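> Provided below are the primary sequence and the corresponding predicted coordinates.
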Amino acid sequence: MAAPGSFTVNFDNKDVGIQHNFAVLTKEGGKVLKATTVAAGPDQETLPLDLQAGTYYFECQVHTFMNGTLAVVDGAK
């Protein structure tokens, strides 16, 4: 959960030799709003975001079964 506006996601791929990334989309199968680069672990990246309140979808674009939702909510800490 995050508050609307600017915030940063810290992505830490600890899978040695395995490629992953972190992509934020408008919805499942929707438009990619922003994503880290696809890289083999170990790798750490930051993804600055500026999002309005709502629910967003995230996934690893290499392994799309690795996914979830990101709630951007007024008053979130």
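The structure has been received and is ready for your questions.

> show me the shaky parts of the chain.
By pLDDT under 70, the low-scoring segments of the chain are 77.

> could I get the full set of strands for it?
5-13, 19-20, 23-25, 32-35, 39-40, 43-51, 54-59, 67-72 (DSSP state E).

> possible to save those strands as TSV with mean neighbour count?
All C-beta atoms are positioned from the backbone trio N, CA, C, and that covers glycine. Converted to TSV, the strands of the chain look like this (neighbours: other CB atoms under 10 Å):
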stretch	mean neighbour count
strand 5-13	13
strand 19-20	18
strand 23-25	19
strand 32-35	15
strand 39-40	14
strand 43-51	14
strand 54-59	16
strand 67-72	13
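
> first to last residue in stretch 46-66, what's the distance?
With CA to CA, to the nearest Å as the measure, the ends of stretch 46-66 fall 18 Å from one another.

> tell me how far it is from the chain's mean position?
3 Å (CA atoms, centre = their mean, to the nearest Å).

> what's it in contact with?
2, 4-11, 19-28, 30, 32-36, 38, 67-74 (CB atoms under 8 Å, 6 or more residues apart in numbering).

> with adjacent residues omitted, what lies nearest to V16?
G41 (5.5 Å; CB to CB, 6 or more residues apart in numbering).

> OK, contacts around that neighbour?
Going by CB under 8 Å, 6+ apart, G41 touches N13, K14, D15, V16, G17, I18, Q19, H20.

> C60: neighbour count?
By other CB atoms under 10 Å, 20 other residues sit near C60.

> that one and P4, how far apart?
C60 sits at a distance of 25 Å from P4 (criterion: CB to CB, to the nearest Å).

> what's the answer for A23, then?
20 Å.

> before we move on, what about V73?
On the measure of CB to CB, V73 and P4 end up 8 Å apart.

> repeat for F58
17 Å.

> not counting sequence-adjacent ones, nearest residue to E28?
Nearest non-adjacent residue to E28 (CB to CB, 6+ apart): Y57, at 4.9 Å.
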